[in-house]
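J.: Fold the following for me, if possible:
(one chain, ligands or ions: 1)
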Amino acid sequence: MPKKELTADMIELLVSEAKKARDLAYAPYSKFYVGAALLTKSGKIYTGCNIESVAHTPTCCAERVAFFKAVSQGEHKFRAIAVIGGKEDAELNKICFPCGVCRQVMQEFCDKNEFEIILAGRKEKVKIFKLKELFPLGFSADDLN
Ligand code: THU
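T.: Sure thing, here's the model as predicted:
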């Protein structure tokens, strides 16, 4: 159990920051726009949007942009991330699950039992998962030993 529950206000703030970040997504190829808002344990929020490339492989998901911004500022301890994504003008009825690569990055820096992934749609109620639910058997530093 996390030491401190996320408050409803914090969840709302993270979702609204993720929505704002989504407005900045650069996704001319897929037209699938994603925003993320990453909360550090110290209470700071780092946002990210997906950034695509015509060459495809350089594309980076919103979640990883948020993580890499934060880590490049010296942050290594994270509490939660909110993600919202969907096609350009879609109603966002469906929630957008993080891809496997982003889950691997989350595992690098987050406690699987504690880190929470807040998935929001416009109409649908917010769903919250622990990292261990979305990435139960990932390759970890322990596997190197
Ligand atoms: N994408 C994200 O940014 N996050 C996800 O969780 C899933 C997918 C992006 C990558 C690409 O720019 C577009 O969505 C379609 O795959």
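
J.: what bridges to Leu39?
T.: As for beta bridges, Leu39 partners with Ile45, Ala80 under DSSP bridges.

J.: burial count for it?
T.: 25 (other CB atoms under 10 Å). Just so you know, the C-beta spots here come from the backbone N, C-alpha and C atoms, and that holds for glycine as well.

J.: what residues are up against it?
T.: Going by CB atoms under 8 Å, 6 or more residues apart in numbering, Leu39 touches Met10, Leu14, Ile45, Phe78, Arg79, Ala80, Ile81.

J.: nearest to Cys110, of those?
T.: The closest of the contacts of Leu39 to Cys110 turns out to be Phe78 (CB to CB; 5.1 Å).

J.: contacting residues around that closest one?
T.: Neighbours of Phe78 in contact, by CB under 8 Å, 6+ apart: Leu38, Leu39, Thr40, Lys41, Phe67, Ala70, Met106, Phe109, Cys110, Phe115.

J.: List of residues touching stretch 60-67?
T.: With contacts defined as CB under 8 Å, 6+ apart, stretch 60-67 is touched by 18, 21-22, 25, 34-38, 46-51, 68, 78, 81, 83, 85, 98-99, 101-102, 105-106, 109.

J.: Which residues outside stretch 131-145 are in contact with it?
T.: Against stretch 131-145 from outside (CB under 8 Å, 6+ apart): 97-98, 103-104, 106-107, 110-117.

J.: Now intersect those residues with the helices, please.
T.: Arg103, Gln104, Met106, Gln107 (DSSP state H).
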